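Engineer: the sequence and its predicted three-dimensional model are supplied below.
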Amino acid sequence: MGSHQMLYFDEVRRGNYTVFVNHVLEQIPVAYRVGAVDIEVLNKYRDDLLDIADELGEIYCTAMSTVNMDFFKGGACIEFIKQYWRDFITDIDRNEHWINMIIYMLKLFSVNVGVTALVTLPIQLSSLAVSIISRENKPVTQLVNALGKLSALTAAFYAEALVHLLTENVGVPLSAFMILAGGVVNELLKVYGSAIA
C-alpha cells in the first residue's frame, strides 16, 4: 500500500479517508511523525500557542499581502489564518485533523492561493510562532521540534493531496504521472546537478 501506483480518491469519495491518511503516514518514518511526546509538548504550550493567534495572523497576512494573491490582501486573511492556527495545533492525534488541514488547503486553493504558499503555510506559521514565543524567553527546544514535525507532516499531506487531485482531474494514472515527473527531474538534474554538487 506504500506504492504510488494506487489512487485513493475512490475510497475518499466513499468517506474512507483513513486509506489516504495511512498512505501519507507510511511515507514518513515513525521518528518524524508527531508522537506522544510532541503532543505533550504542544499541550504544555497550548495556551501560549492560542494566545498568539491574533498576532500570528496579522504578521503572516501583512507579509503575504506583498505577493500577487488577492486573498492575502483582504481582512478575511487574518480571520482565516487565526482559525487555521487554532485547528493546526489542536487534535493532531486524530486522523480527522489531517482531513481538516486538507480542507483548509482546498479552500485556499479555490481562491487562487498558489501551491508554494499552500505548502509553506504551516512551516511559515510554525517559524513565526517560535519567534514570537522565543522573544518571551521561554524554553522552546521541545516546541521547535514538535512544531517542525507538525509543519513538515502537514506539508506532506498538502503535497500528496495536490498530486492526487491533479492526477484525478487529468485522468492520468498516478504511476504514469510519477514516471513523467521522474523524467523531468532527471533532465533538470542533468542541467543543474553540478551546480548543487
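Structural biologist: Noted; the coordinates are in hand. Residues are numbered from 1 along each chain as shown.
Engineer: residue 89 versus residue 43, what's the distance?
Structural biologist: 9 Å (CB to CB, to the nearest Å). (C-beta placed from N, C-alpha, C; glycine too.)
Engineer: which of the two has more neighbours?
Structural biologist: In this view residue 43 and residue 89 are compared by other CB atoms under 10 Å, and residue 89 has more residues nearby, 22 against 14.
Engineer: surely the more buried one touches residue 42?
Structural biologist: Yes - using CB atoms under 8 Å, residue 89 makes contact with residue 42 at a distance of 5.8 Å.
Engineer: mutual contacts of the two, please.
Structural biologist: Here residue 89 and residue 42 have 49, 150 as joint contacts, going by CB atoms under 8 Å, 6 or more residues apart in numbering.
Engineer: please identify the buried residues of stretch 89-100?
Structural biologist: By 16 or more other CB atoms under 10 Å, the buried positions in stretch 89-100 come out as 89-90, 92, 97-100.
Engineer: for stretch 162-177, same thing?
Structural biologist: For stretch 162-177, burial by neighbour count (16+ other CB under 10 Å) applies to 162, 164, 167-168, 174, 177.
Engineer: thinking again about what came up before, check the buried residues of stretch 89-100 and tell me the two furthest apart.
Structural biologist: Using CB to CB, the buried residues of stretch 89-100 span at most 16.2 Å, a distance reached by 89 and 99.
Engineer: secondary structure, pLDDT and distance to residue 65 added to the buried residues of stretch 89-100, as JSON lines?
Structural biologist: As requested, these are exported to JSON lines (DSSP: H, G, I helix; E, B strand; the rest coil; pLDDT from 0 to 100; distance: CB to CB, whole Å):
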{"residue": "89", "secondary structure": "coil", "pLDDT": "95", "distance to residue 65": "24"}
{"residue": "90", "secondary structure": "coil", "pLDDT": "92", "distance to residue 65": "26"}
{"residue": "92", "secondary structure": "coil", "pLDDT": "90", "distance to residue 65": "29"}
{"residue": "97", "secondary structure": "helix", "pLDDT": "90", "distance to residue 65": "28"}
{"residue": "98", "secondary structure": "helix", "pLDDT": "87", "distance to residue 65": "28"}
{"residue": "99", "secondary structure": "helix", "pLDDT": "83", "distance to residue 65": "29"}
{"residue": "100", "secondary structure": "helix", "pLDDT": "85", "distance to residue 65": "25"}
